[in-house]
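Peer 1: what's the 3D shape of this:
(4 chains)
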2 protein chains.
Amino acid sequence: METKQANSIFEALSSDVRLDLFRLLVKYAPDGLVAGEIAKHLNVTNTNLSFHLKTLLRAGLITMEKEGRFLRYRADIPVMLDTIAYLTAECCTGHPEQNCTHRAAISVSPAVRPDRGFSG
Amino acid sequence: METKQANSIFEALSSDVRLDLFRLLVKYAPDGLVAGEIAKHLNVTNTNLSFHLKTLLRAGLITMEKEGRFLRYRADIPVMLDTIAYLTAECCTGHPEQNCTHRAAISVSPAVRPDRGFSG
DNA sequence: TCCATATTTCAATATTTTTTGAACTGTTTC
DNA sequence: GAAACAGTTCAAAAAATATTGAAATATGGA
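Peer 2: Numbers count the residues shown, from 1 in each chain, chains lettered A, B, ... in the order given. Modelled structure (predicted):
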C-alpha cells in the first residue's frame, strides 16, 4: 500500500461519525447497508451522511452499488487489512540486530486475499 | 478498547506528518527515538514536531520518557494492536447466520500482551 | 555561573474540515 | 405524468486543526 493511500484512509477514519459508520459497515459485511438503513443506525442528517459516505468512498474504504433507487454501501475489508499491514509492516526493523516480539502478533492471512501482494 | 479512545487514536493518525512519525517510531520500536533524531528523519520544524508529538501522546499511541536533557519517544505497540482489534472486532456479526470469511485474517496474539484483555 | 543545547509553550494566522438547509436528480408507484 | 421517496449536490457558516516565529524551560558542560 502506498503512503498516500494509507494517509487518506486514516484521514477518512479520523471523524467519529465516519469511524462509527465504517465499523457499522464492517459489522454488516459482506452484504452492507443502503444509505437509509445507515441513517437509522447513526444519528446524522442525510446531507451529512452523504458527505461522510463520500469521504470514505474517495479513500477507498467502502464501495457503493446502485440498487433501484437505493444505494448500497459495503466496507472494503481487503483495503482495511492492507491498511493494518501498512501500519505494522516495518515494526522493529530499525534495529536489525534485535528481533521483534510484535512481528507475529498481526497476521494478515493470504487466504482471504489471494489476488494481492502482502507487505507483512 | 473504548470508542472514545479509538476515535482519538484514528484522529491522531489522520495527519500525514503524524502517520509518518508514528510509523517511524514503530520501525524504531522498542527503543524509540529522542525528539532530535525524529526531527532529522522527518522534515518539520521543532515547534511543529512538538505539536504533533503531543497529539500522539494525548491519544496514547506513543509514550515519552525523560533522558537527561533529551526526551525519548516510543510507539505503544499494544495500544496499536488494541486499535486494530477495535476496528475488526465485530466483522460480519450483523448477520449471525452467515459465517465471516475475514474473522481469521487478523489475529492479535495474546502472547505479546499477556497483561491486557483482548476484544478480538 | 554562564553558555550552548534540546525541546516545549504561546499567540497569531492560515488552512481544512464539518455541519446546515435548500434545491436538485433519479426511481418507483399510482 | 404527478406524487412520493431515496439520496445527492451546493453554498455558506461554524468549528477544528496545522503552521509559524518568538520566547520560555530545563539540562549539561566549561
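Peer 1: near DNA strand C, which residues of chain A show up?
Peer 2: A:11, A:14-15, A:17-18, A:44-45, A:47-48, A:51-52, A:55, A:68-69 (Cβ under 7 Å from any atom of the strand). Just so you know, the C-beta spots here come from the backbone N, C-alpha and C atoms, and that holds for glycine as well.
Peer 1: now, these that are in helices?
Peer 2: Of these, the ones assigned to helices by DSSP state H are A:11, A:17-18, A:47-48, A:51-52, A:55.
Peer 1: any idea which of those residues is closest to chain B?
Peer 2: A:E11 (4.6 Å; Cβ to the nearest Cβ).
Peer 1: okay but A:R103 is in contact with A:C92, surely?
Peer 2: Yes - A:R103 is within contact range of A:C92, at 6.8 Å (criterion: Cβ atoms under 8 Å).
Peer 1: who has more neighbours out of those two?
Peer 2: Taking neighbours as other Cβ atoms under 10 Å in any protein chain shown, A:R103 and A:C92 compare with A:C92 leading, 20 against 16.
Peer 1: what sits against that one?
Peer 2: Applying Cβ atoms under 8 Å, 6 or more residues apart in numbering or on different chains to A:C92 gives the contacts A:98-103, B:26-30.
Peer 1: for DNA strand D, give me its nearest residue in chain A.
Peer 2: Nearest residue of chain A to DNA strand D: A:G36, at 2.5 Å (Cβ to the nearest atom of the strand).
Peer 1: for the strand or helix carrying that residue, packing partners?
Peer 2: A:G36 belongs to helix A:35-41 when assigned by DSSP states H and E. Packing partners of helix A:35-41 (3 or more Cβ pairs under 8 Å, 6 or more residues apart in numbering or on different chains; DSSP states H and E): helix A:16-27, helix A:46-59, strand A:70-75.
Peer 1: buried ones in it?
Peer 2: A:38-39 (16 or more other Cβ atoms under 10 Å in any protein chain shown).
Peer 1: tell me the contacts of A:M80?
Peer 2: Residues counted as contacts of A:M80 (Cβ under 8 Å, 6+ apart) are A:26, A:61, B:87-88.
Peer 1: now it, what's its secondary structure?
Peer 2: helix (DSSP: H, G, I helix; E, B strand; the rest coil).
Peer 1: tell me how far it lies from B:C91.
Peer 2: Taking Cβ to Cβ, to the nearest Å as the measure, A:M80 falls 9 Å from B:C91.
Peer 1: pLDDT at A:R113, what is it?
Peer 2: With respect to pLDDT, A:R113 scores 41.
Peer 1: ok, the one 4 residues further on next?
Peer 2: According to the predicted model, the pLDDT of A:G117 comes to 35.
Peer 1: likewise A:H102?
Peer 2: What the model reports as pLDDT for A:H102 is 78.
Peer 1: ok, back up a step: ok, residues contacting the helix holding A:G36?
Peer 2: Counting by Cβ under 8 Å, 6+ apart, A:21, A:24-25, A:33, A:46, A:49-50, A:53, A:70-71, A:73 sit against helix A:35-41.
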